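Asker: What would the 3D arrangement of this be:
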Amino acid sequence: MKRDWDLIREILFELERAEPTLGWVELDFEGHTPLAIAEHIRLVGEAGLVEVQPASSMGSYEWHAKRLTWEGHEFLNDARSDTVWKRAKELVAEKVGVT
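Answerer: As a prediction, the model looks like this:
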């Protein structure tokens with residue numbers, strides 16, 4: 001599955017808006033399958049941006065987001081501006097061929 005930077009940004013924004021909870025935050029984004037969302041939650045967890053919880057079972061692949069980490073808040077502050085975000089994606093694409 002290809003990494004979707006815009007989905008990652010939306011996950012982070014949604015977690016920022018969410019009220020603190022002892023469980024996880026339910027995330028659903030139009031145009032994205034539960035599998036794609038789960039995989040991107042795993043990725044942001046792996047990057048240290050979000051505290052995540054695996055919840056896969058026989059026949060399902062699930063990862064849940066609990067909250068932004070300090071690093072996640074810092075990343076989101078840098079990614080908040082649409083202009084900066086677009087330029088950052090362009091620079092990454094030029095350097096490593098990512099879309």
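Asker: Relative to Gly48, how far out is the nearest residue in space to Leu35 that is not next to it in sequence?
Answerer: With C-beta to C-beta, 6 or more residues apart in numbering as the criterion, Leu35 has its nearest non-adjacent residue at 6.0 Å, and that residue is Tyr61. In this view, the C-beta of every residue, glycine as well, is placed from N, C-alpha and C. Applying C-beta to C-beta, to the nearest Å, the value for Tyr61 to Gly48 is 21 Å.
Asker: is it true that the residue nearest to Leu35 touches Ala38?
Answerer: Yes: applying C-beta atoms under 8 Å as the test, Tyr61 and Ala38 come out as touching, 5.6 Å apart.
Asker: So for these two, which residue has more residues nearby?
Answerer: Ala38 (22 against 13; other C-beta atoms under 10 Å).
Asker: Show me which residues of the helix or strand hosting that one are buried.
Answerer: Assigned by DSSP states H and E, Ala38 belongs to helix 34-46. For helix 34-46, a neighbour-count test (16 or more other C-beta atoms under 10 Å) marks 37-45 as buried.
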